[in-house]
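**Q** Okay, predicted coordinates and the sequence, questions at the end:
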Amino acid sequence: MSVLFPKVNKPREWDYRPIYYDKEKEARKDKLARLHHGSFREQHEQNMTTQRNRQKSKLAFWIALLLLGLALYFFLR
């Protein structure tokens, strides 16, 4: 510690920044909060359900097309 120039703490400065409402920023915060509370699993399950339904509809389409093709083959033969 210096005898000639003792250290004196500076007083805390006033640092006021007004907070303005930002709708987009609030929406991002809400989305991020939902993601942190387990919605990854829910979103994954929803995606998997959608993917299964899509696969089933594709399979049904190809089976119907195959049956139509077989019917045309036997009918026109």
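**A** Looks like it arrived, so ask away. Numbering: from 1, shown residues only.

**Q** Now residue 5, what are its backbone angles?
**A** Reported as degrees, to the nearest 10, the phi and psi values for residue 5 are phi -130, psi 80.

**Q** Equivalent analysis for the one 4 residues further on, please.
**A** Dihedral angles of residue 9 (phi, psi; degrees, to the nearest 10) stand at phi -70, psi 140.

**Q** what separates it from residue 46, distance-wise?
**A** Computed as Cβ to Cβ, to the nearest Å, the residue 9 to residue 46 distance reads 56 Å. Bear in mind the C-beta positions are built from the backbone N, C-alpha and C, glycine included.

**Q** So which of the two has more stuff around it?
**A** The neighbour comparison of residue 9 against residue 46 (other Cβ atoms under 10 Å) goes to residue 46, with 11 against 5.

**Q** tell me the secondary structure for the more buried one?
**A** Classification of residue 46 using DSSP: H, G, I helix; E, B strand; the rest coil returns helix.

**Q** Then residue 6?
**A** Of the three states, residue 6 takes coil according to three-state DSSP.

**Q** just for the chain, where's the confidence low?
**A** The model of the chain has pLDDT under 70 over residues 1-3, 35-39.

**Q** can you give me the helices for it?
**A** 23-34, 40-76 (DSSP state H).

**Q** Residue 13 is nearest to which of the ones you listed?
**A** Across the helices of the chain, residue 13 has its closest neighbour in helix 23-34 (26.4 Å, Cβ to Cβ).

**Q** Which of the residues in the closest one are classified as buried?
**A** Within helix 23-34, not a single residue qualifies as buried, counting by 16 or more other Cβ atoms under 10 Å.
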